[in-house]
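Colleague: Give me the fold of what follows.
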Amino acid sequence: MRMTVVGCCGSFPGPESPASCYLLEADHHGRTWRVLLDLGSGALGALQRYADPLEVDAVLLSHLHADHCLDLAGYYVMRKYHPDGPQPRIPVWGPDGTADRMARAYDLPLDPGMHEEFDFRAWDGPVQIGPFAVEPVAVDHPVPAYGLRVTADGVTLGYSGDTGPCPGLDEVARDVDVLLAEASFVVGGDNPDGLHLTGADCGAVASRAGARSLLVTHVPPWHDPEVALREATGLYDGPCELARAGAVYEV
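Modeller: Numbers count the residues shown, from 1 in each chain. Below you'll find the model as predicted:
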């Protein structure tokens with residue numbers, strides 16, 4: 001399984017990266033399958049550097065904050081009005097209510113909204129998309145939110161989405177080959193409960209859950225990513241680095 005970091009900036013796009021979006025690819029039955037973990041603000045433009053967006057098989061949304069989902073509106077335009085004609089529907093998994101939220105984002109009537117372009121499905125258990133086995137796990141955030149465990153080719157990626165420390169996050173991180181964990185907060189800041197992680201939280205959960213490596217992501221532009229990395233490595237002694245836009249990882 002290959003992961004390309006399309007966007008990794010926290011809360012809004014920064015000068016070096018769009019907001020959250022990760023392209024996962026794996027070969028299966030004679031072709032390459034592609035899914036997106038989130039499609040946040042600014043990500044659709046950058047995605048075109050790494051893959052043809054019309055060759056994506058599914059979109060997996062962790063939650064419905066703009067920095068994780070809003071470029072689905074532009075993707076709707078691409079698929080509906082492409083010069084080659086309307087593109088086939090693809091599945092979009094997300095929290096209950098995703099279809100209506102995205103229709104409102106583009107000022108569409110709820111019927112048909114974006115249903116002619118996307119097959120919206122609510123997270124309610126594991127799903128299989130070609131080679132990708134995806135397990136959603138509810139996590140702690142002010143809106144319904146999910147961490148995701150994605151397994152393909154015998155390896156597992158854990159994606160925190162946005163969350164505060166919680167049992168669900170520990171389940172996402174359990175024995176994964178790579179934990180992709182957000183670090184929006186810094187230790188010692190005025191950090192509300194149930195919202196985001198610090199780099200130290202990332203390191204702590206990776207350590208106690210037995211993650212074999214850690215990628216720290218979703219650092220907002222107003223924080224220094226190196227601070228988040230130092231916090232994480234202070235509590236986790238496995239391989240650990242910062243996610244960077246354009247980086248490609250063989251999981």
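
Colleague: Where do the strands of the stretch 101-250 of the chain begin and end?
Modeller: Applying DSSP state E, counting those that start in this stretch to the stretch 101-250 of the chain gives strands spanning 118-122, 127-129, 132-138, 146-152, 155-159, 178-182, 214-217, 240-242, 248-250.

Colleague: I'd like these laid out as a markdown table, including distance to Gln48 and mean neighbour count.
Modeller: Placement of C-beta: from N, CA and C, glycine included. Shown next, in a markdown table, are these (distance: least, CB to CB, whole Å; neighbours: other CB atoms under 10 Å):
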| stretch | distance to Gln48 | mean neighbour count |
| --- | --- | --- |
| strand 118-122 | 19 | 18 |
| strand 127-129 | 21 | 15 |
| strand 132-138 | 22 | 21 |
| strand 146-152 | 22 | 24 |
| strand 155-159 | 22 | 24 |
| strand 178-182 | 22 | 30 |
| strand 214-217 | 21 | 27 |
| strand 240-242 | 24 | 18 |
| strand 248-250 | 16 | 12 |
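
Colleague: Please tabulate these in TSV, including the columns distance to Val5 and mean pLDDT.
Modeller: Conversion of those to TSV gives the following (distance: least, CB to CB, whole Å; pLDDT from 0 to 100):
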stretch	distance to Val5	mean pLDDT
strand 118-122	24	98
strand 127-129	20	98
strand 132-138	17	98
strand 146-152	15	98
strand 155-159	12	98
strand 178-182	9	98
strand 214-217	8	98
strand 240-242	10	98
strand 248-250	8	96
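
Colleague: Which among those strands is found nearest to Pro165?
Modeller: Among these, strand 178-182 comes nearest to Pro165, with 10.7 Å by CB to CB.
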